[in-house]
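Undergrad: have a look; sequence and predicted model below, questions after that.
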Amino acid sequence: MRTAMEGGVTGFVVVTGYQAERVSTFVRALGERLQVEVTTVNNPDWEHRENGYSLLCARPYLQQAPFLLTMADHLFEADTVRRLLGASLPEGGILLACDHHRCNPLVDLEDVTRVRVDTHSGAIQAIGKGLADYNAFDTGLFLCAPGFLDRLQEAIDAGDSTLSGAVRRLADQGQARTLDVSGAFWIDVDDDAAFRRAEEALLGLARGKERDGPVSRYLNRPLSARLSKRLAYTGLTPNQISLFSFGLSLLGAALMLIPHYWGLLLGGILAQGASIVDGCDGEIARLKHQQSDYGGWLDAVLDRYSDALLLTALALHCWQIGTPAAIPIGFLAVTGALVLSYTADKYDGLMRDKGGSRFRLGRDLRLLVIALGALFNLPLTTLVVIATTMNGEAIRRMVVCRG
Ligand SMILES: Nc1ccn([C@@H]2O[C@H](COP(=O)(O)OP(=O)(O)O[C@@H]3[C@@H](O)[C@H](O)[C@@H](O)[C@H](O)[C@@H]3O)[C@@H](O)[C@H]2O)c(=O)n1
Ligand SMILES: O=P([O-])([O-])O[C@@H]1[C@@H](O)[C@H](O)[C@@H](O)[C@H](O)[C@@H]1O
């Protein structure tokens with residue numbers, strides 16, 4: 001439902017059968033949370049009829065306009081929905097999103113519905129699970145004209161209540177075409193193994209950002225992804241996770257103020273922990289299509305305050321143990337960190353235009369250096385390293401981007 005909405009769907013009719021009451025309660029509650037209209041229709045004969053009959057149960061709600069049809073156990077990506085909704089539909093027929101290249105590693109070759117397509121016109125020539133002569137996979141996502149339901153009724157009256165049966169009738173009349181979505185993510189979640197593959201695939205899609213630094217990419221993301229896998233099953237929102245990450249930084253900074261190695265160490269561990277968790281808010285946002293401009297803004301602002309607090313706490317820790325020189329160095333470290341983050345978008349944009357390498361020293365590295373500096377009880381050295389590298393990187397960017 002979240003993915004379909006991201007692709008442009010504005011309302012849902014959910015046909016229930018197995019555990020109807022439980023499913024109906026769940027999807028209605030989700031509809032309220034997502035602020036989208038959800039109608040549920042029960043198929044009382046779900047144990048004895050095929051899925052085409054389930055679609056027919058929803059007929060009263062599908063007469064007015066073309067509708068998107070998907071299986072309850074299929075996952076897909078928003079762009080596929082967007083492309084289907086924007087494609088031209090055969091008069092009275094259907095458009096089926098198909099994997100023409102058959103390159104999706106997530107497909108269960110024993111179960112997938114196979115399709116034979118005229119590769120020039122995109123017309124469906126044959127469809128079925130046992131098809132011997134096929135050249136595409138049915139991804140389970142259809143754009144349907146209301147007239148399709150008449151063919152469906154005819155197929156069921158003739159004793160075939162499978163969806164494919166109705167598609168075959170349309171295909172015979174040249175009213176069934178495919179939309180090639182080769183390369184797009186989709187999966188039919190039929191069993192536990194497919195469920196685990198789907199979890200990993202979705203987390204992989206939500207994981208990293210192009211701008212991730214090496215520490216994030218190779219150390220933090222593998223850890224945040226495992227945490228996000230669990231957080232996904234809670235109601236925690238990305239903004240709540242952002243605030244939690246900030247809370248960890250705040251606690252880490254407070255511990256660093258203790259003029260003792262253990263306070264420094266615990267503070268450094270929390271700083272790196274906050275950095276890892278700071279990847280979860282974005283991963284959950286991308287996973288559940290809950291990305292927002294406000295959330296991105298909140299995340300960025302809290303990250304800046306976290307960096308400033310941790311570096312200031314590090315400087316005050318040094319001052320308390322008899323190194324007052326840490327105060328000006330700490331100021332340079334805070335300034336360098338803030339300037340670097342403030343100019344990141346400008347730098348990325350200019351380097352993208354110049355086609356140059358957008359290598360960047362980012363927050364992930366900064367927080368790991370703080371953690372390592374705390375571990376080896378080198379607070380002043382840590383500040384010097386951060387002050388020189390961050391300000392050096394800010395100057396380097398100005399030089400490479402000039403002209
Ligand atoms: N409440 C929120 C929070 C985020 N978003 C959206 O997500 C991105 C931010 O993406 P992400 O959280 O994945 O990465 P982030 O830019 O925070 O970078 C962190 C580093 O700060 C950290 O040090 C590192 O360890 C970690 O791996 C990441 O690289 C945001 O722009 C929004 O689009 C949201 O919508 N709502
Ligand atoms: O998942 P399942 O119900 O066994 O089989 C489904 C078929 O009934 C449906 O016609 C097709 O569009 C889906 O891709 C899937 O193959």
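TA: Received, thanks. Ligands and ions are numbered 1, 2, ... in the order given.
Undergrad: and Val15, that one's in a strand?
TA: Yes - counting by DSSP: H, G, I helix; E, B strand; the rest coil, Val15 is located in a strand.
Undergrad: show me what contacts Asp133?
TA: Remark: with contacts taken as CB atoms under 8 Å, 6 or more residues apart in numbering, Asp133 is in contact with 116, 126. (Glycine included, C-beta is placed from N, CA and C.)
Undergrad: oops, could you answer that again for Ser224 instead?
TA: The contact partners of Ser224, taken as CB under 8 Å, 6+ apart, are 276-280, 283.
Undergrad: rerun that using 10 Å as the cut-off
TA: Under the criterion of CB atoms under 10 Å, 6 or more residues apart in numbering, the contact partners of Ser224 comprise 203, 207-208, 216, 231, 241, 275-284.
Undergrad: with Leu311 instead?
TA: With the criterion set at CB under 10 Å, 6+ apart, Leu311 makes contact with 253, 256, 271, 329-338, 366, 370, 382-383, 386-387, 390.
Undergrad: which strands and helices sit next to the lowest-mean-pLDDT helix or strand in the chain?
TA: In the chain, no helix or strand scores lower on mean pLDDT, DSSP states H and E than helix 326-354, which sits at a mean of 87. The elements that helix 326-354 packs onto, with contact taken as 3 or more CB pairs under 10 Å, 6 or more residues apart in numbering; DSSP states H and E, are helix 293-320, helix 363-375, helix 379-401.
Undergrad: so which of those helices is the most surrounded?
TA: Among the helices and strands packed on helix 326-354, judged by mean count of other CB atoms under 10 Å, the one packed with the most neighbours on average is helix 363-375 (a mean of 23).
Undergrad: pLDDT (mean, whole number) over it?
TA: Over the span of helix 363-375, the pLDDT mean works out to 95.
Undergrad: from the contact counts, what lies against that helix?
TA: Packing partners of helix 363-375 (3+ CB pairs under 10 Å, 6+ apart): helix 214-215, helix 238-256, helix 261-287, helix 293-320, helix 326-354, helix 379-401.
Undergrad: repeat the analysis, applying 7 Å as the threshold.
TA: Using 3 or more CB pairs under 7 Å, 6 or more residues apart in numbering; DSSP states H and E as the contact definition, the elements that helix 363-375 packs against are helix 214-215, helix 261-287, helix 293-320, helix 379-401.
Undergrad: which one of those lies closest to Val9?
TA: Using CB to CB as the criterion, the shortest distance between Val9 and the helices and strands packed on helix 363-375 is 18.2 Å, found for helix 261-287.
Undergrad: pull out the buried residues from that closest one.
TA: Neighbour-count burial for helix 261-287, counted by 16 or more other CB atoms under 10 Å, picks out 263-287.
Undergrad: and the angle from that helix to helix 363-375?
TA: 160 degrees (axes from the mean of the first three to the mean of the last three CA atoms, to 10 degrees).
Undergrad: on that earlier part again, any chance of CSV for the helices and strands packed on helix 363-375, columns distance to ligand 1 and mean pLDDT?
TA: Supplementary listing: the helices and strands packed on helix 363-375 in CSV, determined by distance: least, CB to the nearest ligand atom, whole Å; pLDDT from 0 to 100:
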stretch, distance to ligand 1, mean pLDDT
helix 214-215, 7, 91
helix 261-287, 2, 97
helix 293-320, 2, 96
helix 379-401, 14, 92
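Undergrad: distance to ligand 2 for those helices - can I get that in CSV?
TA: Putting these into CSV (distance: least, CB to the nearest ligand atom, whole Å) gives the following:
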stretch, distance to ligand 2
helix 214-215, 40
helix 261-287, 23
helix 293-320, 34
helix 379-401, 49
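Undergrad: indicate which one of those helices is closest to Asp138.
TA: Comparing these by their distance to Asp138 (CB to CB), the top pick is helix 261-287, with 25.6 Å.
Undergrad: so what does that closest one touch, helix or strand wise?
TA: Looks like helix 261-287 contacts helix 192-206, helix 221-231, helix 238-256, helix 293-320, helix 363-375 (3+ CB pairs under 7 Å, 6+ apart).
Undergrad: using JSON lines, lay out the ones you listed together with distance to Met398.
TA: Formatted as JSON lines, the entries for the helices and strands packed on helix 261-287 read as follows, by distance: least, CB to CB, whole Å:
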{"stretch": "helix 192-206", "distance to Met398": "34"}
{"stretch": "helix 221-231", "distance to Met398": "29"}
{"stretch": "helix 238-256", "distance to Met398": "28"}
{"stretch": "helix 293-320", "distance to Met398": "20"}
{"stretch": "helix 363-375", "distance to Met398": "19"}
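Undergrad: tell me which strands the longest strand anywhere in the chain pairs with, and in which orientation.
TA: If each strand of the chain is counted by residues according to DSSP state E, the longest one is strand 136-144. Listed by DSSP bridges, the sheet partners of strand 136-144 and their directions read strand 67-70 (antiparallel), strand 94-99 (antiparallel), strand 114-117 (antiparallel).
Undergrad: any idea which of the ones you listed is most buried?
TA: When the strands paired with strand 136-144 are compared using mean count of other CB under 10 Å, strand 94-99 is most buried, at a mean of 26.
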